[in-house]
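S.K.: coords please:
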Amino acid sequence: MIDIEIKVDDSDERKLRKLLQRAKKGLLVGIKKAILYAEGEAKKNFNKSGKPKVRTGTLRRSIKSGVSNNTAWIGSDVVYARIIEKGGVITAKNKPYLSFQIDGKWFKKKSVTIPPRPYLQPAISEHMDTISRIIAQEIVEEMEK
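M.R.: Below you'll find the predicted structure:
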């Protein structure tokens, strides 16, 4: 049998703690940069095939991202953002019909099905290599200081 013993003295422990702190700092900076990159990509997803069309620009302008409590987020607070991203059925609730206009012509329907036109999810999934690279680069740069 072979025994291997590794001793870590106080100065080595301090160095390891500093390295860990720098790695955490690099990770946080990397996540902030990566989620800003994803926000930009989400805003570019409009007017593409299968993606939302820009009419007023409200939805695109409302896209925000950030990092809080070690969690990165990207989203919109516009009331119709989720139905555009995920799709779904909108049903008349307070009146017998939904009334809406398309190309100058009025329609009345009890419900309408909105197809999904994702713009947020693809900003992450289609750019995961770049997002990962941004985060890794920041960690490496911080560790090399």
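
S.K.: only C-alpha atoms for contact and neighbour calcs from this point on.
M.R.: OK.

S.K.: what stretches of the protein score poorly on pLDDT?
M.R.: Within the chain, no range satisfies pLDDT under 70.

S.K.: What ranges does it have for its strands?
M.R.: Assigned by DSSP state E, the strands in the chain fall at 64-68, 71-75, 88-91, 98-102, 105-109, 111-114.

S.K.: and the third one, which strands flank it?
M.R.: Okay, so that is strand 88-91. Counting by DSSP bridges, the strands paired with strand 88-91 are strand 111-114 (antiparallel).

S.K.: Report the angle between the longest helix anywhere in the chain and strand 64-68.
M.R.: In the chain, ranked by residue count with DSSP state H as the criterion, the top helix is helix 10-44. Counting by axes from the mean of the first three to the mean of the last three CA atoms, to 10 degrees, helix 10-44 points 160 degrees away from the direction of strand 64-68.

S.K.: Report the contact partners of residue 65.
M.R.: Neighbour list for residue 65: 35, 36, 39, 72, 73, 74, 75 [criterion: CA atoms under 8 Å, 6 or more residues apart in numbering].
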